[in-house]
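Engineer: this is a predicted model, with the sequence first.
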Amino acid sequence: MIGYCTKDLHEPHHKMVKKGVFDDDMELGHEQYLLYGADHIENRVPIDLYNFWPRLHLYSQYSATRPLGESLERTVTRMMQSGKYYPSAKWVVPAAGRGMVLAKAQA
């Protein structure tokens, strides 16, 4: 909560008012918000196991700059670099109750 409340810390409209919170807690909360809470992926489509092939097909079919005979790897790279897609965490996060495949996480 401290991190969220200090997300605009260096903005001109921000006014710091605190009661019963130490400076160390403020610094830690702000740091954790920047690491885990800041969302910079708005208006982007997450690519996961379930929508990978349909999104890849649509992107390659309607992409204006698609070279003839382009490899799958290059098409996926172009998708990610376009800024409209991002790889979802579902690729490495295990489903509830099952273990994680270490080789998947290290890939």
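Structural biologist: Good, I have the coordinates.
Engineer: distance of Lys90 relative to Met26?
Structural biologist: Relative to Met26, Lys90 is positioned 33 Å away (C-beta to C-beta, to the nearest Å). Bear in mind the C-beta positions are built from the backbone N, C-alpha and C, glycine included.
Engineer: also Val92?
Structural biologist: From Val92 across to Met26, the span is 32 Å (C-beta to C-beta).
Engineer: which one of those two has more residues nearby?
Structural biologist: Met26 (17 against 14; other C-beta atoms under 10 Å).
Engineer: which SSE is immediately downstream of the helix or strand harbouring that one?
Structural biologist: According to DSSP states H and E, Met26 maps onto helix 23-32. Next in sequence after helix 23-32, counting helices and strands by DSSP H and E, comes strand 45-47.
Engineer: partner strands of that following strand, parallel or antiparallel?
Structural biologist: Strands adjacent to strand 45-47 in the sheet, as given by DSSP bridges, are strand 85-87 (parallel).
Engineer: list the buried ones in the strand it pairs with?
Structural biologist: Using 16 or more other C-beta atoms under 10 Å as the test for burial, strand 85-87 gives Tyr85.
Engineer: what residues does the helix or strand just after it touch?
Structural biologist: Note on strand 85-87: by DSSP H and E, the next helix or strand toward the C-terminus is helix 102-106. With C-beta atoms under 8 Å, 6 or more residues apart in numbering as the test, helix 102-106 has contacts from Trp91, Val92.
Engineer: next one: stretch 81-95
Structural biologist: Residues outside stretch 81-95 that contact it (C-beta under 8 Å, 6+ apart) are 41, 44-49, 55, 59, 79-80, 100-101, 104-105.
Engineer: for Arg55, which non-adjacent residue is closest in space?
Structural biologist: Ile47 (5.9 Å; C-beta to C-beta, 6 or more residues apart in numbering).
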